[in-house]
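Asks: sequence and predicted model, in that order:
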Amino acid sequence: MVSIIFLALGPEFMDENNMGEMTTTMLAVMLPGFFLYFAKDSINGVSAGKWIMGIMVRDAKNPNEVPSFSRLLLRNLFIIIWPIEFIILASNKDKKRLGDNTANTIVVKNPDKPSRLPRILALVGVGIAFFTFIFLFAGTAMKNSDAYKVAVKEIEQNQEILVETGGIEGYGMMPIGSVNISNGNGQAQLEIKVLGNDKDLNVSVYLTKEPNGEWKLIEMNK
C-alpha cells in the first residue's frame, strides 16, 4: 500500500503545494488498501504473513472449519486498537486477542505448511523488493525536486568546486537528505556526490523556499 501511494503521488510529489489534492490521492489508495488488509485472511483463513509463519485462522469450536468472510473481517478490524489487542493477547492465558474472542476464532499451526526454505525466501524477497522500491523511488523523487535542481545549478556555478574536481562529469545515483514543504515554506538539506574528472566531492547544500517563491541557496559546504 505504501508503494502504491508513492506511485500514485508521482516522483514530483515533493514539490506538490496542493495538500488537498495529495490527501485525496492518498485516501483513494489507502481506503481500498485498508479493506484489503482487513480482509487478508479471507482465502482459507491464511494471509501472506500467516503462510510464511505456517499458521492459519480457524473456528474456535471446530478447528477444521474456516470462519466466514464476515467473521474474518470482524476479527481483523480490531487491529485498529492494536495496543489494547496486544495487552489482551499478552495477558490472556489462551493467547487469544480481542478480535479472536469477538469473532470466535483461533490461530493454529498449518499442518500443510510448506517447508521452511521457500517461506524464508518469500519473506526475504518481499522485504528486499519493498525497501529497494522505497530507496529508488525516494532517490528519484528527490532528484526530480526543484530543490535538487537548484542545488545542482549552484554547484555547477561554484568555481572552487569546478577547480577542485577538474570539471564535473556527473552526480551520484542517490542524493542524501530531505526536502520538506509546509504551507508553501520549504527547507531542503541535501548531500550530493559530485563526480569530477580529477576528484569526487561530497557537497552539502542547504536551501529554503518562501510561499510562491523559488528555492534559494543558504549554505554550501564541501
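Replies: Nice, I can see it.
Asks: only C-alpha atoms from now on, for both contacts and neighbour counts.
Replies: Noted.
Asks: looking at this structure, which helix or strand is least sure?
Replies: Here the helix or strand of the chain ranked lowest by mean pLDDT, DSSP states H and E is helix 2-9, holding a mean of 73.
Asks: report the buried residues of the helix or strand following it.
Replies: Downstream of helix 2-9, the first helix or strand assigned by DSSP states H and E is helix 19-38. Neighbour counts over helix 19-38 (16 or more other CA atoms under 10 Å) mark 22, 26, 29-30, 33, 38 as buried.
Asks: check which residues of the following helix or strand past helix 19-38 are buried.
Replies: Remark: after helix 19-38, the chain's next helix or strand is helix 48-53, criterion DSSP H and E. In terms of neighbour count (16+ other CA under 10 Å), helix 48-53 has its buried residues at 50-53.
Asks: could you do stretch 64-72 as well?
Replies: For stretch 64-72, by 16+ other CA under 10 Å, it's 66-67, 69, 71-72.
Asks: again, but for stretch 115-127
Replies: In terms of neighbour count (16+ other CA under 10 Å), stretch 115-127 has its buried residues at Arg119.
Asks: same question for stretch 180-187.
Replies: 181, 186-187.
Asks: for this protein, longest helix please?
Replies: Looking across the chain with DSSP state H, the single longest helix is helix 116-144.
Asks: by how many degrees do it and helix 2-9 diverge?
Replies: Per axes from the mean of the first three to the mean of the last three CA atoms, to 10 degrees, the angle that helix 116-144 makes with helix 2-9 is 30 degrees.
Asks: where does this structure have low pLDDT?
Replies: Of all residues in the chain, those with pLDDT under 70 make up the ranges 10-19.
Asks: listing partners with orientation, what would you give for the longest strand that the chain contains?
Replies: Under DSSP state E, the strand in the chain containing the largest number of residues is strand 185-196. With DSSP bridges as the test, strand 185-196 is paired with strand 168-171 (antiparallel), strand 176-182 (antiparallel), strand 201-209 (antiparallel).
Asks: just want the angle from the helix or strand just after the longest one to strand 201-209.
Replies: So the one you mean is strand 201-209. Next helix or strand after strand 201-209 toward the C-terminus (DSSP H and E): strand 216-221. Interaxial angle, strand 216-221 versus strand 201-209 (the same axes, to 10 degrees): 150 degrees.
Asks: can you tell me what sits against strand 216-221?
Replies: 150-151, 154, 203-209 (CA atoms under 8 Å, 6 or more residues apart in numbering).
Asks: any of those buried? List them.
Replies: Buried subset of the contacts of strand 216-221 (neighbour count, 16+ other CA under 10 Å): 150-151, 203-209.
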